[in-house]
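**Student:** how would this look folded up:
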Amino acid sequence: MKLSDAFKILKYHGLYKGLRRIIDEYRENIHFDKKFNVITSKLKFEENYNNEKFIKGENKWYQPTYFSPLKKIAIQLDKKIKKNTLIFDLGSGYGKPLIILNHFINQNNIIHGVELDVTFKKIFEENLAKFNSNFEFLNMKVEEINLYKL
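**Tutor:** This is a model prediction of the structure:
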């Protein structure tokens, strides 16, 4: 995490919550990236978007999802999910939830990451290729998804 990002977090959340957020950022995101040799923890603030599909003030800027709650969800899903299930991550960014699902649900699922900003695609594909060969990055709005064509 860059020092300027830490200041943005402190400014947005305040001192106490901001410090907690920075600690969580390290524990839940930066440590995850090092452990799995991926890039998912790079923040992308609203002002860094230069994409006609991204509407500033309406669409959420990229923050990596925390590992521990997704791990709990994946463990529960592992008990219920069937083989060859179609999994979508809406607002996939760099694909962290899909990496976690793939890690805890060791089945041959079909993975789709849906993301407005095409600049996430390269890192998304590099990350997912390390864990699953059956994935696709879809650069579109959620409303544009046609399940009948997939």
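**Student:** residues near the nearest residue to Asn37 once chain neighbours are set aside, how many?
**Tutor:** Spatial nearest neighbour of Asn37, chain neighbours left out: Lys130 (7.0 Å); criterion: CB to CB, 6 or more residues apart in numbering. Every C-beta, even on glycine, is put in place using the N, C-alpha and C of the backbone. The number of residues packed near Lys130 is 11, by other CB atoms under 10 Å.
**Student:** and Lys130, how far from Ile123?
**Tutor:** In this view, Lys130 and Ile123 are 11 Å apart by CB to CB, to the nearest Å.
**Student:** residues in contact with the residue nearest to Asn37?
**Tutor:** Residues near Lys130 by CB atoms under 8 Å, 6 or more residues apart in numbering: 36-38.
**Student:** just among these, which is most surrounded?
**Tutor:** When neighbours are taken as other CB under 10 Å, the top entry among the contacts of Lys130 is Val38 (20 neighbours).
**Student:** tell me how far that residue lies from Lys71.
**Tutor:** From Val38 to Lys71 the distance is 15 Å (CB to CB).
**Student:** please apply the same query to Ala129.
**Tutor:** 22 Å.
**Student:** which one of those two is surrounded by more residues?
**Tutor:** The residue with more neighbours, out of Ala129 and Lys71, is Lys71; 15 against 11, by other CB under 10 Å.
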